[in-house]
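Novice: no sequence on this one, just coordinates:
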């Protein structure tokens, strides 16, 4: 029988020595503070000159690199590269993350490595995540029978919601080519992807007509459903949006809920971007009817300012979520003991995953809810301010913003407007002082302004307006 070297048993090669730990803590702290200090004056877009190629200079090897080498290549190839979502001048997409408390929550969650999948493994971690979910259910207006699951983002959350709807409606594979899903052209593309992943690629998608604000027309929906029933099809799923990614539109949720009930459709609301604006009392009426949805998706990594990898599916009748996700195995027989809390693994496609609730729970307790509400209220006001001021600067604006996303473009006196805005966008990205993105609606190219980063204040918005006006004037002269 071979013996193990007792001297080696005393050495944990994956534990840092005290001096190494001190050096790492100091280096991380210095980088952390320098990163934040540089943000206000730094660029929002850094191009792709390095494109991460510097990582090739550090292949994995048997011996460690010096800590300064590791941080140098990380800085050059990652944080000095591409879009900077932490910048207050990032207006291109809908990143809301970057708060320090969430980073510390992640650190504590990873360091302690608590498993939050089943109650038996760590009742406190499970109770914490359930507390976060319950808070969100209450925000939406759900009752005690509701429940949900913390997931990686809106894509997996929408997929989970579609699977729950499919299972609850008892659709079989033989029904899929007659099942009909109703949405608008503004619905996030992850929904179509989710339908394919759920095995429903052969199902019919009806793109319901929209009004001038890109919201679904209830009358058009009702007419389309009636036509499908006459054809012998199976109206199955209605997907409403509470803040589309593309234009920020909100569908008339209360009327859609009534139609879904009338025709016995599962009503799913994608509120990945807009959901946490429910915290702002003045605009809650725009979400009226969301409490009647069968399921709702919200992304804390958007309008709750959490880091990427924070999504949630909420289901009004939590038992439906359980039935679609609960499985067990012989090696898990012990976890059935002490089930006084609902185990996340029973309500999720995941068994093992990151302790996601920690970043949210920690931040809400360290900061309180009020700062989140005030930050969202500020973003609404800033988007309305930008809507008026950008027109004074010589641009055309799209619909008045429902939340904090809006469209604008430059319309030249002569020439093609789409080409002019394409050139303007290239100038914006090449300059990098601010970051915006574009979209095309009915053949018209628009520039998107998404004001959601918590570091974006009037100073940054004023800078963006002046900068856009300056680049537009350059375009005219050029």
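Specialist: Great, that's in hand. Predicted, not measured: the structure shown is a model, and the values here were computed from it.
Novice: how does the protein divide up, domain by domain?
Specialist: 42-81, 107-367, 370-477 (automatic domain parsing).
Novice: residue 395 contacts residue 412, doesn't it?
Specialist: No: applying C-beta atoms under 8 Å as the test, residue 395 and residue 412 come out as separate, 11.2 Å apart. Using the backbone N, CA and C atoms, a C-beta is placed for each residue, glycine as well.
Novice: for those two, indicate the residue with more neighbours.
Specialist: residue 395 (19 against 14; other C-beta atoms under 10 Å).
Novice: burial of residue 351, as a residue count?
Specialist: Neighbours of residue 351 (other C-beta under 10 Å): 16.
Novice: residues contacting the closest residue to it other than its chain neighbours?
Specialist: Among residues not flanking residue 351 along the chain, residue 345 sits closest, at 5.0 Å (C-beta to C-beta, 6 or more residues apart in numbering). The contact partners of residue 345, by C-beta atoms under 8 Å, 6 or more residues apart in numbering, come to 117, 118, 325, 351.
Novice: could you check how far residue 345 is from residue 325?
Specialist: 8 Å (C-beta to C-beta, to the nearest Å).
Novice: about what we covered before: out of the domains of the chain, nearest to residue 30?
Specialist: Closest approach to residue 30 among those (C-beta to C-beta): domain 42-81, 9.0 Å.
Novice: so how far is that closest one off the chain centroid?
Specialist: Computed by C-alpha atoms, centre = their mean, to the nearest Å, the chain-centroid distance of domain 42-81 equals 26 Å.
Novice: I'd like the mean pLDDT over that domain, please.
Specialist: On average, the pLDDT along domain 42-81 is 89.
Novice: pull out the buried positions in that domain.
Specialist: By neighbour count with 16 or more other C-beta atoms under 10 Å, domain 42-81 contains the buried residues 42-46, 50, 54, 71, 73, 76-77, 79-81.
Novice: re earlier: could I get the contacts of residue 345 as CSV with secondary structure, pLDDT and distance to residue 269?
Specialist: Shown next, in CSV, are those (DSSP: H, G, I helix; E, B strand; the rest coil; pLDDT from 0 to 100; distance: C-beta to C-beta, whole Å):
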residue, secondary structure, pLDDT, distance to residue 269
117, coil, 90, 27
118, coil, 89, 29
325, helix, 92, 20
351, coil, 87, 27
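Novice: those residues: which two are farthest apart?
Specialist: Taking C-beta to C-beta, no two of these sit farther apart than 118 and 325, at 12.7 Å.
Novice: measure residue 347 to residue 150 for me?
Specialist: 9 Å.
Novice: about what we covered before: just the contacts of residue 345 now: which is nearest residue 368?
Specialist: Taking the contacts of residue 345 together and measuring to residue 368 by C-beta to C-beta, the closest member is residue 117, at 28.7 Å.
Novice: leaving out sequence neighbours, find the closest residue to the closest one.
Specialist: Using C-beta to C-beta, 6+ apart, the closest residue to residue 117 is residue 345 (4.2 Å).
Novice: mind checking the SS state of that neighbour?
Specialist: Residue 345 carries the three-state label helix when classified by DSSP: H, G, I helix; E, B strand; the rest coil.
Novice: so where do the helices sit in the stretch 201-350 of the chain?
Specialist: 218-230, 253-262, 300-303, 318-325 (DSSP state H, counting those that start in this stretch).
Novice: for residue 368, which of those is the nearest?
Specialist: Checked against C-beta to C-beta, the stretch from the helices of the stretch 201-350 of the chain lying closest is helix 300-303, at 15.9 Å.
Novice: where does the stretch 151-300 of the chain have low pLDDT?
Specialist: Within the stretch 151-300 of the chain, not a single segment meets pLDDT under 70.
Novice: ranges for the strands of it?
Specialist: In the stretch 151-300 of the chain, the segments counted as strands under DSSP state E, counting those that start in this stretch are 179-183, 204-207, 234-241, 266-271, 295-298.
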